[in-house]
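In: how would this look folded up:
(one chain, ligands or ions: 1)
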Amino acid sequence: MTDAKKLFESFTLGNITLDNRVGVAPMTRISATSEGLATDQMKSYYTSFARGGFGLIITEGIYTDDKHSPGYIYQPGIINDEQEQAWKKVVDSVHQAGAKIIAQLMHTGAVVHGNPFNQDSIGPSVVKPKGEKSEIYEGKGPFPTPREATKEEITEVINGFVNVAKRAKSAGFDGIEIHGANGYLLDEFLTDYTYR
Ligand SMILES: Cc1cc2nc3c(=O)[nH]c(=O)nc-3n(C[C@H](O)[C@H](O)[C@H](O)COP(=O)(O)O)c2cc1C
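Out: Presented below is the predicted three-dimensional model:
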């Protein structure tokens, strides 16, 4: 039988020491402001896991640039000073409650429900995502067919990840996670279909 006690033992993950092996998986929840700022409600949501004893929290997917990375209206970003400061309040509160917190950085690629900056979407190639937008994320109907991203746009995507990784560090996050699953841009490069 597995020894469940191990779950509650401290251990070291890279540069950080966690109180236990119980973590919160990243969950998109579209509760930021329309400017992509983390809110007090989000602070209390994330802090409640820390108070409840989770050793590690991974945030919802955070957008990485003001071009095609957002996938949802009311998704938070960390692309400018204001957004960074808003996340800092969340991070400080989680730290005060005793947990570590990692920022999940995501580029939505073709699987876009809403983007405050651009109407069109980009992907590795012109492949319409299967399935339909989800109503719980205020989406309706089929996904748009993406344009093939240009080389310049790919450079912008990469620079976006670099920029937000630096901002996550200066906001006090304990680490970053690059979202490479669930049909979003990086996953789109790894599969011969686009499916959510
Ligand atoms: C409401 C909801 C939102 C999610 N948002 C994200 C997300 O932003 N990033 C991510 O990597 N996974 C996301 N996921 C996937 C979860 O992190 C997790 O991998 C998935 O629920 C499977 O976990 P399980 O095997 O414990 O059920 C989401 C899942 C749910 C239910």
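
In: Show me the strands in this protein, by range?
Out: Applying DSSP state E to the chain gives strands spanning 11-13, 16-18, 23-24, 56-63, 100-106, 122-123, 147-148, 175-178.

In: Per-residue pLDDT of the residue at minimal distance from the centre of the chain, please?
Out: Nearest to the mean C-alpha position of the chain, counting by CA atoms, centre = their mean, stands G61 at 1.3 Å. G61 is assigned 98 on the pLDDT scale.

In: need the strands of the chain in CSV with distance to the ligand, can you?
Out: C-beta here means a position set from N, CA and C on the backbone, and glycine is covered the same way. Listed next are the strands of the chain as CSV, based on distance: least, CB to the nearest ligand atom, whole Å:
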stretch, distance to the ligand
strand 11-13, 17
strand 16-18, 18
strand 23-24, 9
strand 56-63, 4
strand 100-106, 6
strand 122-123, 18
strand 147-148, 24
strand 175-178, 8
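
In: Pipe these into TSV and attach distance to Y184 per row.
Out: Below are the strands of the chain laid out as TSV (distance: least, CB to CB, whole Å):
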stretch	distance to Y184
strand 11-13	24
strand 16-18	25
strand 23-24	19
strand 56-63	8
strand 100-106	6
strand 122-123	10
strand 147-148	16
strand 175-178	10
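
In: coming back round to it: who are the neighbours in contact with the residue nearest to the centre of the chain?
Out: With contact taken as CB atoms under 8 Å, 6 or more residues apart in numbering, G61 is in contact with 26, 28, 71, 75, 104-106, 108, 179, 184.
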